[in-house]
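Novice: sequence first, then the predicted structure:
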Amino acid sequence: MVAGTNSGCGKTTVTCAVLQAFVNRGLNVGAFKCGPDYIDPMFHSSITGTRSGSLDGFFFDGNTMNNLLMRGGAGREICVIEGVMGYYDGLSLNQTKASSYETALTTKTPMVLTVNAKGAALSVLAVIQGFMEFRPNSQIQGVILNQCNPMTYSVLAKAVLEYFQGRIQPFGYLPRMENSVLESRRLGLVTAGENRDLKEKLSFLAAQAEKTIDLDGLLKLGKSAGDVSCEPLTVPRYPPVRIAVARDRAFCFYYEDNLQMLQDMGAELVEFSPLADKSPPENIQGMYLGGGYPELYAKELSENRSMLELIGGAIKRGLPCIAECGGFMYLNRSIAGYSMAGILPGECFDTGKLARFGYITLKAKKDNLLCKAGEEICGHEFHYWDSTAPGGDFSAVKPSGKSWDCAIATDRLYAGFPHFHFYANPSFAKRFYQACLKERKANV
């Protein structure tokens, strides 16, 4: 695991540098991300060419987490898990539940701490010591210094070895590199598909990692990870259905394990672009409209009237559909004044701040497409935009106890700001799939 002292310390840059360097060496590499993140896994996947999995202590129990790790790591020579926020940051301000630390313990993964060394010297050792001693069995085995120069690193690396007497290994450093900065925006990094000159940036990062990061040492450390055991998870197999999945610059936030579960059940997933295509795929029995940045492309989406009308018409006729966050906004009447599909009554607007943020538990108020009344699933919200009609068919409860109503749910539609992971409650995926099967039978 590559984790960090805090958000912004450089752990994504270090993770991408290490992943690309391993791939350049010809290794079969797996990648994972702690926490409810869509953007960092896109970078992982663009490097490894395979799906990057999610390991989340709020969504999953230990058995599920280890199953997903074992499945995603099958056949890999090395797997790299990127942490979330600071290493010990979890479900609330005062607990480590759902933290990178908890994930490292659950998966028996050795951790390398990313420390931003800009403007610091011997204080770096105090930071390392604090993280090592803050909790028992910290799993911290090494450190990588970010934004560090060669002279400072040579001195600090020697000091780390002497002070910690071999308990912590210095695995190298990355200097400040203006030409390889991964751009950011409100919800985090600019997505891999939008990042300018991404291949060149990754190539530069990997070349730097070969020079200043102990890649052989990291490979050796990976081999020291503890053996993981778990009871296997089974996914039912159903007759095939075709499910359209919106995927382009505007709609790109998906947990890859969600899509994989639908495929494991028997679905053929057909990707399409609400931005560029004139119509959704033909002969479909379901639709998945994921999150993303529809507000950045509201004008283009609004101008593609044929797509809006066809999607709106299909959902009105009863096509089973999941529409999360950005997908929910797309089904509203408008985004920033630009007309959308209009099958939902709301108008979406920029709040200028985080409207909702963090983990939630969703509980259904009535029977719907995904579940029966009273059933629950863990989810999260993270958005600046809101709707004048966010819905009220689920209740959302934060770990703090704060709650609100959200989402519009019928027997054929789930549409709301909350995101969820199917492995947090697989019955939600089964209900969606069964609705798609009914749609197929009704149109034979």
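Specialist: That came in fine, so what should we check first?
Novice: drop to CA atoms for contacts and neighbour counts, all remaining ones
Specialist: OK.
Novice: and M265, how many neighbours?
Specialist: When counting by other CA atoms under 10 Å, one arrives at 18 neighbours for M265.
Novice: for it, give its distance to I213.
Specialist: 42 Å (CA to CA, to the nearest Å).
Novice: just I315 next, same as before
Specialist: 52 Å.
Novice: looking at the two, which is more packed in?
Specialist: Neighbour count, other CA under 10 Å: between I315 and I213, I213 has more, with 23 against 17.
Novice: chain neighbours aside, what residue packs nearest to the more buried one?
Specialist: Ranked by CA to CA, 6 or more residues apart in numbering and with sequence neighbours excluded, the top spatial neighbour of I213 is G172, at 4.2 Å.
Novice: before we move on, which element is that neighbour in?
Specialist: strand 169-174 (DSSP states H and E).
Novice: helices or strands next to that strand in the packing?
Specialist: If contacts are counted by 3 or more CA pairs under 8 Å, 6 or more residues apart in numbering; DSSP states H and E, strand 169-174 sits against strand 140-146, helix 150-164, helix 198-212, helix 215-223.
Novice: got a list of contacts for that strand?
Specialist: 14, 141-149, 153, 157, 160-161, 208-209, 212-215, 217-218 (CA atoms under 8 Å, 6 or more residues apart in numbering).
Novice: isn't L233 up against N67?
Specialist: Yes - under the criterion of CA atoms under 8 Å, L233 makes contact with N67 at 7.0 Å.
Novice: so for the two, which residue has more residues nearby?
Specialist: N67 (18 against 10).
Novice: contact partners for that one?
Specialist: C230, E231, P232, L233.
Novice: one more time with 7 Å, if that's ok
Specialist: If you count contacts by CA atoms under 7 Å, 6 or more residues apart in numbering, N67 has them with C230, P232.
Novice: and it, that one's in a helix?
Specialist: Yes - secondary structure of N67 (DSSP: H, G, I helix; E, B strand; the rest coil): part of a helix.
Novice: for V155, give me its contacts.
Specialist: Counting by CA under 7 Å, 6+ apart, V155 has no contacts.
Novice: one more time with 10 Å, if that's ok
Specialist: A121, L122 (CA atoms under 10 Å, 6 or more residues apart in numbering).
Novice: tell me the pLDDT of it.
Specialist: V155 is assigned 97 on the pLDDT scale.
Novice: how near is it to K118?
Specialist: 14 Å.
Novice: ok, N304 next?
Specialist: N304 is 47 Å from K118, by CA to CA.
Novice: one more: A364?
Specialist: 48 Å.
Novice: and the two? which has more neighbours close in?
Specialist: Shown here are A364 and K118; by other CA under 10 Å, A364 has more neighbours (23 against 15).
Novice: show me the beta-bridge partners of the nearest residue to the more buried one once chain neighbours are set aside.
Specialist: Leaving aside its chain neighbours, A364 sits nearest to F394 (4.5 Å; criterion: CA to CA, 6+ apart). When bridges are called by DSSP bridges, F394 pairs up with A364, C406.
Novice: for F394, what are its contacts?
Specialist: 361-366, 373-376, 404-409, 416, 418.
Novice: now swap in L296 and tell me
Specialist: Contacts of L296 (CA under 10 Å, 6+ apart): R249, A250, I335, A336.
Novice: at 8 Å instead, please
Specialist: L296 sits in contact with A250, where contact means CA under 8 Å, 6+ apart.
Novice: likewise N6?
Specialist: Going by CA under 8 Å, 6+ apart, the list of residues near N6 reads M85, G86, Y87.
Novice: any idea which of those residues has the most stuff around it?
Specialist: That'd be Y87 among these, by other CA under 10 Å, with 26 neighbours.
Novice: per-residue confidence at it?
Specialist: 98.
Novice: and for P110?
Specialist: pLDDT, P110: 98.
Novice: count of neighbours near the residue lying closest to T48 once chain neighbours are set aside?
Specialist: Once flanking residues are discounted, T48 sits nearest to V29: 6.3 Å by CA to CA, 6+ apart. V29 has 21 neighbours, counted by other CA under 10 Å.
Novice: so how far is A435 from V29?
Specialist: V29 is 36 Å from A435, by CA to CA.
Novice: do A389 as well
Specialist: 25 Å.
Novice: again with T50
Specialist: 29 Å.
Novice: for this structure, what spans make up the helices?
Specialist: 11-24, 39-48, 62-73, 100-107, 123-134, 150-164, 198-212, 215-223, 256-265, 298-303, 305-316, 326-331, 427-442 (DSSP state H).
Novice: and these: which comes nearest G291?
Specialist: Among the helices of the chain, helix 326-331 comes nearest to G291, with 4.1 Å by CA to CA.
Novice: can I get the closest one in PDB, CA atoms only?
Specialist: Provided in PDB are the C-alpha atoms of helix 326-331 (Å, rounded to 0.1, in the frame of the first residue of the first chain):
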ATOM      1  CA  GLY A 326     -24.600  12.900 -12.700                       C
ATOM      2  CA  GLY A 327     -27.000  10.500 -14.300                       C
ATOM      3  CA  PHE A 328     -29.800  11.700 -12.000                       C
ATOM      4  CA  MET A 329     -29.000  15.300 -13.000                       C
ATOM      5  CA  TYR A 330     -29.300  14.300 -16.700                       C
ATOM      6  CA  LEU A 331     -32.800  13.100 -16.100                       C
END
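Novice: counting by contacts, list what it packs against.
Specialist: strand 286-289, strand 291-292, strand 413-416.
Novice: export those strands to TSV and tack on mean pLDDT, distance to M42 and mean neighbour count?
Specialist: Below are the helices and strands packed on helix 326-331 laid out as TSV (pLDDT from 0 to 100; distance: least, CA to CA, whole Å; neighbours: other CA atoms under 10 Å):
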stretch	mean pLDDT	distance to M42	mean neighbour count
strand 286-289	98	17	26
strand 291-292	94	12	24
strand 413-416	98	23	25
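Novice: out of these, which is closest to L19?
Specialist: So among those, strand 291-292 is nearest, using CA to CA, at 24.6 Å.
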